[in-house]
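Undergrad: model this:
(2 chains)
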Amino acid sequence: MSAAAVTGWVPALRKPSALPGFGITLGFALTYLSLIVLIPLAVLVARAGELGLEGVWQVATQPRVLAALKVSFLTAAAASVINALFGAVVAWVLVRYEFPGRRLLDAAVDLPFALPTAVAGIALAALYATNGWIGAPFAPWGIKIAFTPLGILIALIFVGLPFVVRTVQPVLQDFDREVEEASATLGATRLQTVLRVVLPGLTPAILTGVALAFARAVGEYGSVIFIAGNIPFESEIAPLLIVTRLEEFDYAGAAALAAVMLAISFLTLLAINALQAFSRRRFGDA
Amino acid sequence: MTGRRTFLAAGGATIASIRTILPARAQAPQDVVLTNVSYDPTRELYRAIDDAFSKRWQESTGQKVTIRASHGGSGKQARSVIDGLQADVVTLALAADIDAIAREAKRLPADWQSRLPNNSAPYTSTIVFLVRKGNPKGIKDWPDLARQGVGVVTPNPKTSGGARWNYLAAWAFELDRTKGDQAAARKFVEAIYRNVSVLDSGARGATTTFAQRAVGDVLIAWENEAFLVQQEFGADKFDIVVPPFSILAEPPVALVDAVVDKRGTRKVAQAYLDFLYSPMGQKIIAQNFYRPFKPDAADPADLARFPKIRLTTIDQAFGGWTKAQAEHFADGAAFDQIYKPGRPVTR
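TA: Next up is the predicted model:
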């Protein structure tokens, strides 16, 4: 589609803008998104479509698939909630306090981004196994971390942390300290200041971080596979089932499973976005 | 890049064929690169084979050959080749995986297995147990793996060729014991998998889980892998337990016709596979803990390490790979049926 065609019909739909170049940039954005995101997804859906809607439903409702989807989405949700909490705290510490080593710590937050996921998975499995540094103290209590769903959770927290920290940090930086000080001078307790002044402003950023961390966690394969144990109905994640399908040369089945995951992820992200819009309206834009 | 390499390889092959006609004439043949797509525990074996072969090839033809090796779960490797990985030769864990390449991608003829001696298996192996030093759980034979309270480590048969041998060995044992009772065999194998707490995707992964992560009491492993672990971690950590009965594993090798013809590497690739059957190749095979097809060429000291086991074959016990594959590892087949929602966890 050419830029001229876009400008032809779009002006009627948009608010007047002083910025030139709307048509060409929109045209570019659409083309680019189609090439990078939409076309590959369309191929996936088409591949799944070979089975028909009924076939996809059949794949998605097998007990083993349901169990794997449950493991994947529950651990991803739990991990992103935990990351919301502790990621916000990490961001707070990095923004609000000056201390030696702050920059180093700040850089370390990005490590889960940079590390190949398989490396992360192997390192985590070694640490949390019953003979590992962290796993060993838990072993006498009968708590196993690696090779259980708990291990999956740990891996997902690891890969998701930077998302929350990196989305909350800039918002916190732009926060007016005066607002908090005003709240204090008006007689609010510290807890009140945090809960009613700081947190509402941070909520949209935290939600964005959670959405990103969640999306990443649901699809995570490399790091989880080494620490999960991979037992069906227990610690088998949905992406592993997709890979298993591929091993059986069942490309349509794999695509069907992937499409189902995609649909659930998309709905979840939509819900998070709605929540975000709601909190923006409720508490004002941060 | 690929185009250029293909060209070089084609040149190399032509020159190599001229050389066989005019062996005395000194020429400067072009370098050639071979890609060997193999399975998980053959890393050490092929490192030794590749060194010896490229030396010999250079001596006899003057051509420098570099072998690139790719290792991973056998099923995954087969899929890579089907999806377009340019493998000149495949050396996988089981015939079913090479069958899949022939069937799905038509990269080699369906009768590939009859092209080389011994069903295209230059070496064989079997399935044994690796236990922790002193064998604290007293594991001696297959029924010990089904006992309550024994932690078993084996990879996922859906993704690992070795794991399929493990599974079938257990099944064949119970069949043999009960004189062919399939239902009993199914129950027996189920009991073993109930003792499995980690299903890795490949044999190496399972070895790591058992040896380094201290999971489980017994690793069901390739014989060569068990020896390697002992070598790697020291004989003071692990013992090898050889059950009286096991399965004869024949990991086959094959030329990928579509690739060697396109790249013009047929001659050197064929020589590479033939080398595996040569006395020197057989010797290296025995050194690396695989059972050689022709033991005469191997060092007797190496052979002495292989205990005598009563072995069944895939054809005897299961009527061939195609049948075993469909009945046990297809979607919803016997292996999938082991795992049901809410099954009792006994470990």
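
Undergrad: flag every residue of the stretch 201-347 of chain B that's near chain A.
TA: B:201, B:205, B:209, B:212-215, B:329-331, B:336, B:339-343, B:345 (CB under 8 Å from any CB of the partner chain). Quick note: C-beta positions are derived from backbone N, CA and C, even for glycine.

Undergrad: restricted to helices, list those residues.
TA: Counting by DSSP state H, those place B:205, B:209, B:336 in helices.

Undergrad: just the buried ones among these, please.
TA: Those of these that meet the buried threshold are B:205, B:209, B:336, by 16 or more other CB atoms under 10 Å in any protein chain shown.

Undergrad: near the closest residue to residue A:261 other than its chain neighbours, how many other residues are there?
TA: Distances taken as CB to CB, 6 or more residues apart in numbering or on different chains place residue A:238 nearest to residue A:261, at 5.6 Å, with adjacent residues excluded. The tally of other residues near residue A:238 (other CB atoms under 10 Å in any protein chain shown) stands at 24.

Undergrad: quickly note the distance from residue A:238 to chain B.
TA: Applying CB to the nearest CB, to the nearest Å, the value for residue A:238 to chain B is 15 Å.

Undergrad: now do the contacts for that residue.
TA: A:65, A:68, A:69, A:71, A:72, A:218, A:257, A:261 (CB atoms under 8 Å, 6 or more residues apart in numbering or on different chains).

Undergrad: got the buried residues for the strand or helix carrying the last one?
TA: Same thing as residue A:261. Assigned by DSSP states H and E, residue A:261 belongs to helix A:251-283. Buried residues in helix A:251-283, counted by 16+ other CB under 10 Å: A:251-262, A:264-265, A:268, A:272, A:276, A:279, A:283.

Undergrad: then stretch B:32-43?
TA: The neighbour-count check on stretch B:32-43 (16+ other CB under 10 Å) flags B:32, B:33, B:34, B:35, B:36, B:37, B:38, B:39, B:40, B:41, B:42 as buried.

Undergrad: tell me which of those residues is nearest to residue A:82?
TA: Minimum distance to residue A:82 across these is 34.9 Å, recorded for residue B:40 (CB to CB).

Undergrad: and stretch B:229-248, how far from the chain's centre?
TA: Here stretch B:229-248 is found 17 Å from its chain centre; the criterion is CA atoms, centre = their mean, to the nearest Å.

Undergrad: so the nearest residue to residue A:180 once chain neighbours are set aside: helix, strand or coil?
TA: Once flanking residues are discounted, residue A:180 sits nearest to residue A:193: 5.6 Å by CB to CB, 6+ apart. State at residue A:193, reduced to three classes by DSSP: H, G, I helix; E, B strand; the rest coil: helix.

Undergrad: can you get me a residue count around residue A:29?
TA: A count of nearby residues for residue A:29, using other CB under 10 Å, gives 10.

Undergrad: from residue A:22, how far off is it?
TA: According to CB to CB, to the nearest Å, residue A:29 and residue A:22 sit 10 Å apart.

Undergrad: what's the offset of stretch A:239-253 from the middle of its chain?
TA: For stretch A:239-253, the distance to the chain centre is 24 Å (CA atoms, centre = their mean).

Undergrad: quick check: mean pLDDT across it?
TA: Taken as a whole, stretch A:239-253 has an average pLDDT of 85.

Undergrad: give me the most central residue, chain B.
TA: Central residue of chain B (CA atoms, centre = their mean): residue B:93, 3.0 Å from the mean position.

Undergrad: which phi and psi values does it adopt?
TA: Recorded main-chain torsions at residue B:93 are phi -80, psi -30, according to degrees, to the nearest 10.

Undergrad: ok, now how distant is it from residue B:238?
TA: From residue B:93 to residue B:238 the distance is 22 Å (CB to CB).

Undergrad: likewise for residue B:63?
TA: Separation of residue B:63 from residue B:238 (CB to CB) stands at 43 Å.

Undergrad: before we move on, what about residue B:337?
TA: Taking CB to CB, one finds residue B:337 at 32 Å from residue B:238.

Undergrad: which one of these two has more residues nearby?
TA: The residue with more neighbours, out of residue B:337 and residue B:238, is residue B:238; 21 against 11, by other CB under 10 Å.

Undergrad: show me the contacts for the more buried one.
TA: B:130, B:131, B:132, B:133, B:211, B:226, B:229, B:230.

Undergrad: from residue A:226, how far out is the fifth one?
TA: Residue B:211 sits at a distance of 15 Å from residue A:226 (criterion: CB to CB).

Undergrad: looking at those two, which is more packed in?
TA: More crowded of residue B:211 and residue A:226, by other CB under 10 Å: residue A:226, with 28 against 19.

Undergrad: looking at it, the more buried one is touching residue A:125, isn't it?
TA: Yes. The pair residue A:226 and residue A:125 passes the contact test of CB atoms under 8 Å, sitting 4.7 Å apart.

Undergrad: about what we covered before: farthest-apart pair in the contacts of residue A:238, please.
TA: Pairwise distances across these (CB to CB) peak at 14.6 Å, for the pair A:65 and A:218.

Undergrad: and for the closest residue to residue A:175 other than its chain neighbours, the neighbour number?
TA: If the residues on either side of it in the chain are set aside, residue A:175 comes closest to residue A:201, at 6.4 Å by CB to CB, 6+ apart. Neighbourhood size, residue A:201 [other CB under 10 Å]: 19.

Undergrad: now swap in residue A:39 and tell me
TA: Residues lying near residue A:39 (other CB under 10 Å) number 11.

Undergrad: ok, residue A:31 next?
TA: Per other CB under 10 Å, the neighbour tally for residue A:31 reads 12.

Undergrad: what does residue B:206 give?
TA: Residue B:206: 29 surrounding residues under other CB under 10 Å.

Undergrad: list the contacts of it.
TA: Taking CB under 8 Å, 6+ apart, one finds B:153, B:154, B:155, B:160, B:163, B:198, B:200, B:219, B:221 in contact with residue B:206.

Undergrad: model confidence for it, exactly?
TA: We have a pLDDT of 91 for residue B:206.

Undergrad: same check on residue B:243?
TA: We have a pLDDT of 95 for residue B:243.

Undergrad: that one and residue B:142: what is the separation?
TA: Look at residue B:243 and residue B:142: by CB to CB, they are 6 Å apart.

Undergrad: which residues pair with residue B:220 across the strands?
TA: In this entry, residue B:220 is beta-bridged to residue B:129, by DSSP bridges.

Undergrad: so the residue nearest to residue A:175 is in which element?
TA: Using DSSP H and E, residue A:201 sits in helix A:199-219.

Undergrad: mean confidence for the next helix or strand after that helix?
TA: Using DSSP H and E, the next helix or strand after helix A:199-219 towards the C-terminus is helix A:224-227. Helix A:224-227 carries an average pLDDT of 90.

Undergrad: what's helix A:224-227 in contact with?
TA: Residues outside helix A:224-227 that contact it (CB under 8 Å, 6+ apart): A:118, A:121-122, A:124-125, A:128, A:146-147, A:151-152, A:154-156, A:237, A:239-240, B:201, B:205.

Undergrad: recalculate using a threshold of 7 Å.
TA: Contacting residues not belonging to helix A:224-227 are listed as A:118, A:121-122, A:124-125, A:128, A:146-147, A:151-152, A:154-155, A:237, A:240, B:201 [CB atoms under 7 Å, 6 or more residues apart in numbering or on different chains].

Undergrad: in helices only, show me these.
TA: Among these, DSSP H puts A:118, A:121, A:122, A:124, A:125, A:128, A:151, A:152, A:154, A:155, A:240 in helices.

Undergrad: I'd guessed the second one sits against residue A:228; true?
TA: No. With contact defined as CB atoms under 7 Å, residue A:121 does not reach residue A:228; the gap is 8.7 Å.
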